[in-house]
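1. predicted model follows, preceded by the sequence.
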Amino acid sequence: MTDNMEQIYLAIVLSPLIGSIIAGLFGKVIGRSGAHWITIIGVAISSILSMIAYNHHIFNDAPDYNQAVYTWLSSGGIDFQVGFLIDPLSVTMMVVVTFVSWMIHIYTIGYMHDDPGYQRFFSYISLFTFAMLMLVMSNNFMQLFFGWEAVGLVSYLLIGFWYKKDTAIFANLKAFLVNRVGDFGFLLGIAAVLMYFNTLDYAEVFANVNQHADTTIVIFGEQAWSLMTVICICLFIGAMGKSAQVPLHVWLPDSMEGPTPISALIHAATMVTAGIFMVSRMSPLFELSETALSFILIIGSITALFMGFLGLVQNDIKRVVAYSTLSQLGYMTVALGASAYAAAMFHLVTHAFFKALLFLGAGSVIIIMHHEQDMRKMGGLYKRMPITWITCLVGSIALIGFPGTSGFFSKDAIIEAVHHSDIYGSGFAYFAVLSGVFFTALYSFRLFFMTFHGEERMDKETWMHLHEAPAVVTVPLVVLAIPSLILGVFLIGPMLFGDYFGSTIYVAAEHNVLAEIAENYHGVFLFTLHAFKHPPVYLAFAGILVAWLCYIKFPNLPEKLVSRIGIIHKVLLNKYGFDDFNQAVFAKGSTGLGKGLWKVGDVSLIDGLLVNGTAQSVRIISGIIRQVQTGYLYHYAFAIILGLLALIFVFVHGVLA
């Protein structure tokens, strides 16, 4: 059985890669249908086999699989290997990544139907799936870093897929550069692990982590730093880039410049979830540093609350969903900071389905609206797009945590976990995630009402030709709507309060907030009923009510409010000035520094002193020497005599000395 499972694990990760290579290199030969069939089959195989692996490890309680596939390099007694660690944490991610990717692949047939880069796009998204699988299945830091960088590379290619658009090129370059900042910290953290543990293997690092619990290092000056705090903060800086936490969040909204299917894949199941997964995987390290946990808690709180505010003022349908992703990633990060890693993973799983659903629903609207994305030019679409309407409603109520939906269980668990936490910053975090419930409901149903209800705000010709999206688009919506509604019911018990993750996730006894909540957990029904005694449910209902009042009942009310709070509205439209600051300080600053160095180094030093200076020196010296070359024989004879006398003088002086 073990040998069979090894073959299955290899097939899971290689199937999308093979499909990507065939579609990418032989796209013209196999044609458009060949490209989508080969990649969809590859991801489908990966998804089905991931479910088999899930059943093997979760339902059959199979032992964890931790083996190297091959050794890439051995140096200084350290092996750099490619290997797999298959346990409850990784199989959960494998199922989520492959299944959501599978649905997005199918959806892409309809969305990219007329695009000239059809085969290239399928190759890229299949490669994206491979890269994410390499990341989540890794058993060592080297392979983790490979997958980490691979998803970054493919996201660069996909965000800038329409490379003739200046905005797309700007967006993918922005994503690439911002993630390099995070990845620099991530690489420092990995280097510190290698330096002090002398290995990159997870199992060996985790087994010896307590030996360095009290180790301190001096970075600068005489101040001693906890080694574990330094490692964990460096690793989390990498997560801040990938999972778009303030202030490294600025790339994610601009990733909307890519086609909608890749927006769904990035935001739901791949790149942005990498940071949450990584911190959960590294829980044995993070549990040894309350400073790092507090840092994570505060960063996540700021992201959850303040990115939600920005969703209130966006008019681009995809950007509203993008800022929603930022806010929900903040919730997951808050859970990590409160040591509720299982709650973070639970919300990651439920969020993957309803966020993919919302993005694909937005894409369905965009297709029918002839790629119009401004919600102010929509309205009344429920009459023409009933399937998209009902599935987007499901996604919206799951997102806001409507009682009974998947999002309700995972979001409520995070709020309760933070409420029980004693880690520094938990008070502010509780306020942030609690307030965020209201604003999540407000911007979610602002989008829903502006898009599907109210007056039709498009021209009559467009309205007359509106119809539901084709089945290849709507079927993935229906499939994703099902887990968005019911998945939480099945996962909350085992994942949060059972032994779902086993020893995969480690939580120190003093940080185990989920154990405290478990004491009062008596099943799904009572958990749902108990929620009505607490504010989150009523804050969600209040958000829906305010959205209805502002965008259905009194549609002129938002304009009046904007006139009253013009400065705040301008600040939100300006996204708190992060983009302006980065443009002025980092972009223009780097450009200015480069020009300055070019003038000093290239123009003045290299061209001026070395190249032109050398030529000028040769010209001056040769001009002087040229005066000696008169052509008269007696001048040369006189010079020879002078030289001979000089040699005689030197010789005689040397003998007498």
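-> Thanks, I have it.
2. now do the SS call for residue 124.
-> Put simply, residue 124 is helix when judged by DSSP: H, G, I helix; E, B strand; the rest coil.
3. could you do residue 85 as well?
-> Taking three-state DSSP as the rule, one finds residue 85 in the strand state.
4. next helix or strand past the lengthiest helix in the chain?
-> Ranked by number of residues, the top helix in the chain under DSSP state H is helix 166-197. Per DSSP states H and E, the first helix or strand lying C-terminal to helix 166-197 is helix 202-207.
5. by contact count, what packs against that next one?
-> On a contact count with 3 or more Cβ pairs under 8 Å, 6 or more residues apart in numbering; DSSP states H and E, helix 202-207 meets helix 166-197, helix 283-286. In short, each C-beta sits where N, CA and C put it, glycine included.
6. list the buried ones in it?
-> Under the neighbour-count criterion of 16 or more other Cβ atoms under 10 Å, helix 202-207 has 202, 205-206 buried.
7. now mean neighbour count, mean pLDDT and distance to residue 106 too, for the helices and strands packed on helix 202-207, in CSV please.
-> Listed next are those as CSV, based on neighbours: other Cβ atoms under 10 Å; pLDDT from 0 to 100; distance: least, Cβ to Cβ, whole Å:
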stretch, mean neighbour count, mean pLDDT, distance to residue 106
helix 166-197, 18, 92, 24
helix 283-286, 23, 95, 35
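8. make JSON lines out of these and add distance to residue 295.
-> Output for the helices and strands packed on helix 202-207, formatted as JSON lines (distance: least, Cβ to Cβ, whole Å):
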{"stretch": "helix 166-197", "distance to residue 295": "12"}
{"stretch": "helix 283-286", "distance to residue 295": "10"}
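9. ok, the buried residues of helix 202-207 vs residue 271, which is closest?
-> Residue 271 lies nearest to residue 202 out of the buried residues of helix 202-207, by Cβ to Cβ, at 21.2 Å.
10. before we move on, the earlier item: out of the helices and strands packed on helix 202-207, nearest to residue 273?
-> helix 166-197 (14.5 Å).
11. how far does the closest one sit from the chain's center?
-> Mean-position distance between helix 166-197 and its chain equals 11 Å (Cα atoms, centre = their mean, to the nearest Å).
12. against which helices or strands is that helix packed?
-> Helix 166-197 packs on helix 141-159, helix 202-207, helix 227-242, helix 251-254, going by 3+ Cβ pairs under 8 Å, 6+ apart.
13. got the angle for that helix vs helix 227-242?
-> Interaxial angle, helix 166-197 versus helix 227-242 (axes from the mean of the first three to the mean of the last three Cα atoms, to 10 degrees): 160 degrees.
14. show me where the stretch 401-550 of the chain has its helices.
-> Secondary structure of the stretch 401-550 of the chain (DSSP state H, counting those that start in this stretch): helices at 406-420, 426-452, 460-464, 471-491, 513-518, 524-531, 535-548.
15. for the record, mean pLDDT for the first one?
-> Model confidence over helix 406-420, given as mean pLDDT, is 95.
16. coming back round to it: need the helices of the stretch 401-550 of the chain in JSON lines (columns: distance to residue 220).
-> Listed next are the helices of the stretch 401-550 of the chain as JSON lines, based on distance: least, Cβ to Cβ, whole Å:
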{"stretch": "helix 406-420", "distance to residue 220": "34"}
{"stretch": "helix 426-452", "distance to residue 220": "29"}
{"stretch": "helix 460-464", "distance to residue 220": "62"}
{"stretch": "helix 471-491", "distance to residue 220": "46"}
{"stretch": "helix 513-518", "distance to residue 220": "35"}
{"stretch": "helix 524-531", "distance to residue 220": "49"}
{"stretch": "helix 535-548", "distance to residue 220": "44"}
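17. compare those and say which comes out lowest on pLDDT.
-> helix 460-464 (a mean of 84).
18. shaky segments in the stretch 551-657 of the chain?
-> 586-590, 601, 609-610, 628, 655-657 (pLDDT under 70).
19. host element of the most centrally placed residue in the chain?
-> In the chain, the residue lying closest to the centroid (Cα atoms, centre = their mean) is residue 272, at 2.7 Å. Assigning secondary structure by DSSP H and E places residue 272 in helix 271-281.
20. show me what the mean pLDDT comes to for that helix.
-> Mean predicted confidence for helix 271-281 is 93.
21. what helices and strands are in contact with it?
-> Using 3+ Cβ pairs under 8 Å, 6+ apart as the contact test, the elements touching helix 271-281 are helix 88-111, helix 118-136, helix 141-159, helix 227-242, helix 317-337, helix 341-368.
22. and residue 458, how many neighbours?
-> A count of nearby residues for residue 458, using other Cβ atoms under 10 Å, gives 18.
23. let me fix that, I meant to ask about residue 643.
-> 10.
24. and for residue 487?
-> Neighbour tally, residue 487, other Cβ under 10 Å: 22.
25. again with residue 382
-> Residue 382, neighbours per other Cβ under 10 Å, totals 16.
26. correct me if wrong, but it is in a strand.
-> No - assessed with three-state DSSP, residue 382 is helix; it does not lie in a strand.
27. look at it and report its pLDDT.
-> With respect to pLDDT, residue 382 has a value of 92.
28. wait, it sits on residue 389?
-> Yes - counting by Cβ atoms under 8 Å, residue 382 touches residue 389, with 4.1 Å between them.
29. need the overlap of contacts for these two.
-> Common neighbours of residue 382 and residue 389 (criterion: Cβ atoms under 8 Å, 6 or more residues apart in numbering): residue 452.
30. on that earlier part again, for residue 497, find the nearest of the helices of the stretch 401-550 of the chain.
-> Between the helices of the stretch 401-550 of the chain, helix 513-518 lies closest to residue 497; by Cβ to Cβ that is 4.1 Å.
31. summarise which helices and strands the closest one is packed against.
-> Secondary-structure packing of helix 513-518 (3+ Cβ pairs under 8 Å, 6+ apart): helix 406-420.
32. what angle separates the helix it packs on from helix 535-548?
-> Using the same axes, to 10 degrees: helix 406-420 against helix 535-548 is 130 degrees.
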